[in-house]
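Asks: Coordinates only, no sequence provided:
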């Protein structure tokens with residue numbers, strides 16, 4: 001009998017919004033990014049994933065081919081989602097500064 005195994009991970013974006021993604025147990029980092037793209041409409045090639053708060057991000061192309069299990073991801077893992085900025089050749093850059101009333 002074939003048993004389907006899947007894991008569900010919690011993904012948190014920069015706004016603190018949580019969502020769940022289910023992938024196969026043998027899924028790679030790239031598979032997870034593609035599933036996030038499908039669910040959340042974020043561009044897969046700009047996603048940066050960090051497992052828990054004290055881990056380094058999965059950013060290299062080699063890491064994308066690594067299985068999630070080999071990266072330490074398991075059912076119920078908490079993954080932080082960041083989106084890399086667009087790379088452009090322009091000299092126009094925007095800087096965000098906090099309003100004075102929020103600086104204390």
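Replies: Good, I have the coordinates. Just so you know, these numbers come straight off a predicted model, no measurement behind them.

Asks: Low-confidence ranges, the chain, go.
Replies: By pLDDT under 70, the weakly predicted segments of the chain are 1-4, 53-54, 59-60, 87-104.

Asks: Tell me where it has helices.
Replies: Listed in chain order, the helices of the chain (DSSP state H) span 29-40, 61-64, 100-103.

Asks: Name the stretch among the ones you listed that sits most buried.
Replies: Comparing the helices of the chain by mean neighbour count (mean count of other Cβ atoms under 10 Å), helix 29-40 ranks first with a mean of 18. (Glycine included, C-beta is placed from N, CA and C.)

Asks: For it, name the packing helices and strands.
Replies: Counting contacts by 3 or more Cβ pairs under 8 Å, 6 or more residues apart in numbering; DSSP states H and E, helix 29-40 is packed against strand 18-24, strand 47-51, helix 61-64.

Asks: okay, the angle between that helix and strand 47-51?
Replies: Counting by axes from the mean of the first three to the mean of the last three Cα atoms, to 10 degrees, helix 29-40 lies at 110 degrees to strand 47-51.

Asks: quick one: helix 29-40 to strand 18-24, angle?
Replies: Using the same axes, to 10 degrees: helix 29-40 against strand 18-24 is 130 degrees.

Asks: Show me how far helix 29-40 is from its chain's centre.
Replies: Its chain's C-alpha centre and that of helix 29-40 lie 8 Å apart, by Cα atoms, centre = their mean, to the nearest Å.

Asks: hmm, who's touching it?
Replies: Contacts made with helix 29-40 from outside it, assessed by Cβ atoms under 8 Å, 6 or more residues apart in numbering, are listed as 9, 11, 13, 19, 21-24, 27, 42-44, 47, 49, 58, 63-66, 68, 71, 73, 79, 81.

Asks: Now for residue 48: which residues touch it?
Replies: Listed by Cβ under 8 Å, 6+ apart, the contact partners of residue 48 are 57, 58, 59, 81, 82, 83, 84.

Asks: Among those, which lie within strands?
Replies: Those of the contacts of residue 48 mapping onto strands are 57, 58, 81, 82, 83, per DSSP state E.
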